[in-house]
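In: A structural model of the following input is requested.
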Amino acid sequence: MNINILYGMLFFALGHLGAFLQLNGQFKWDWFAKNEWVIAACGFILSFFYIWGTKYTVAGTEGLLWPARFIGFGIGIVVYALMVSWLFGEGFSTKTIVSIAISACLIAIQVLWK
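Out: I've put the predicted structure just below:
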C-alpha cells in the first residue's frame, strides 16, 4: 500500500476522532457542554487533519478525488462506531456491524482495486 494513502488514512482518523469528541463530548463531560466556544474554536485545528487527509490520499491515488472521499467516509464510520461503543457503551448491533463491514469494503475497494 502506498505510504501517502496510509498518511491520509491516519489524518482522516485523527480528524474524525477530534470531530467526534468535539460534537459528542458535551454528552460525556460537563466541561465540553459549558465551553462550546472553546470546543468550536478547535474546529480550526481539526480542519488541517481533513485537509492533510485529502492531500495525501489524493496523492496516493494518482490525483483521483473520489477515492479520497470514500476512504475518508469509511474511516469516519469506523471511528464513530468504535468511539460510541467505547465512550457511551452503545454496543454493536447487527446493523452497526454490517455498516462497519460495508465501510471496510468501501475502503478496501478504493485502496486495493487497481
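In: I'd say H16 and L82 touch.
Out: No: using C-beta atoms under 8 Å, H16 is not in contact with L82; the gap is 10.0 Å. Where C-beta positions appear, they are placed from N, C-alpha and C, glycine not excepted.
In: Counting neighbours around each, name which of those two comes out higher.
Out: H16 (23 against 14; other C-beta atoms under 10 Å).
In: I'd like the next helix or strand past the strand or helix carrying that one.
Out: If you go by DSSP states H and E, H16 is part of helix 3-24. Where DSSP H and E defines the elements, the next helix or strand beyond helix 3-24 is helix 30-34.
In: Could you measure from the closest residue to W66 other than its chain neighbours over to C42?
Out: The spatial neighbour of W66 that comes closest, neighbours along the chain excluded (C-beta to C-beta, 6 or more residues apart in numbering), is Q110 at 7.8 Å. Computed as C-beta to C-beta, to the nearest Å, the Q110 to C42 distance reads 29 Å.
In: Neighbour count: those two, which is higher?
Out: Just comparing Q110 and C42: by other C-beta under 10 Å the higher neighbour count belongs to Q110, 21 against 13.
In: Was I right to think that one contacts G60?
Out: No: Q110 is beyond contact range of G60, at 10.1 Å (criterion: C-beta under 8 Å).
In: follow-up on the earlier one: contacting residues for the residue nearest to W66?
Out: Q110 sits next to 61, 66-67, 70-71, 74 when contact means C-beta atoms under 8 Å, 6 or more residues apart in numbering.
In: Flag every buried residue along the longest helix seen in the chain.
Out: Ranked by residue count, the top helix of the chain under DSSP state H comes out as helix 36-60. Judged by neighbour count (16 or more other C-beta atoms under 10 Å), helix 36-60 contains these buried residues: 39, 46, 49-50, 52-54, 56-60.
In: any idea how far it is from the chain center?
Out: Between the centre of helix 36-60 and the centre of its host chain there is 10 Å, according to C-alpha atoms, centre = their mean, to the nearest Å.
In: can you check stretch 59-69 too?
Out: Centroid separation for stretch 59-69 versus its chain: 16 Å, with C-alpha atoms, centre = their mean.
In: what mean pLDDT would you report for that stretch?
Out: Averaging pLDDT along stretch 59-69 yields 93.
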